[in-house]
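J.: A structural model of the following input is requested.
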Amino acid sequence: MARRTLWIAVPLIVAMALVACQQQEGGAKPPPTIPRATLPPGTVEIKAIPTLKFNVKELRVPANTNVTIIFINEDTAVPHDFTIWTKKDGDKIANTDIITGPARATLAVNLKPGKYYFNCTVHPTEMTGTVMAE
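T.: Numbers count the residues shown, from 1 in each chain. Purely as a prediction, here's the structure:
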């Protein structure tokens, strides 16, 4: 009797293994990667991200050109803004309103060639960087 059970069990196990392998091969595939949308010419993007920081320390924009800066606050329930200054402790050039994430705001600038300073005025020492107009 044990021998007959073995003859039935072995093919059954092999068949189950083959089915499992076929399901694994043709099973769920990872979702396709979605290419990041390209921004229109004259538009740049900067994000406030969790842990009180921007996603970049330097933002490059074309000089003597109308530029739209899209400020995205991804820091849920935390207020941030994006402000550009002539230099650290200098004169304010432009700023967005303070927005609580998740939210977005836009800012239009036209900068002469040079190096500028940016920060979040809500968190002025933690969230800083430079804008290079070239």
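J.: Would you mark the buried spots in stretch 62-82?
T.: 67-73, 75, 78-82 (16 or more other C-beta atoms under 10 Å). Bear in mind the C-beta positions are built from the backbone N, C-alpha and C, glycine included.
J.: If you could redo that for stretch 95-109, that was the one I meant.
T.: In terms of neighbour count (16+ other C-beta under 10 Å), stretch 95-109 has its buried residues at N95, T96, I98, I99, G101, A103, A105, L107, V109.
J.: Any idea how far apart the tips of it sit?
T.: 10 Å (C-alpha to C-alpha, to the nearest Å).
J.: again, but for stretch 72-87
T.: The separation between the terminal residues of stretch 72-87, taken as C-alpha to C-alpha, is 23 Å.
J.: ok so, going back, tabulate the buried residues of stretch 62-82 (JSON lines), appending secondary structure and distance to G42.
T.: As requested, these are exported to JSON lines (DSSP: H, G, I helix; E, B strand; the rest coil; distance: C-beta to C-beta, whole Å):
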{"residue": "V67", "secondary structure": "strand", "distance to G42": "5"}
{"residue": "T68", "secondary structure": "strand", "distance to G42": "6"}
{"residue": "I69", "secondary structure": "strand", "distance to G42": "10"}
{"residue": "I70", "secondary structure": "strand", "distance to G42": "11"}
{"residue": "F71", "secondary structure": "strand", "distance to G42": "16"}
{"residue": "I72", "secondary structure": "strand", "distance to G42": "17"}
{"residue": "N73", "secondary structure": "strand", "distance to G42": "22"}
{"residue": "D75", "secondary structure": "coil", "distance to G42": "26"}
{"residue": "V78", "secondary structure": "coil", "distance to G42": "29"}
{"residue": "P79", "secondary structure": "strand", "distance to G42": "28"}
{"residue": "H80", "secondary structure": "strand", "distance to G42": "23"}
{"residue": "D81", "secondary structure": "coil", "distance to G42": "22"}
{"residue": "F82", "secondary structure": "coil", "distance to G42": "17"}
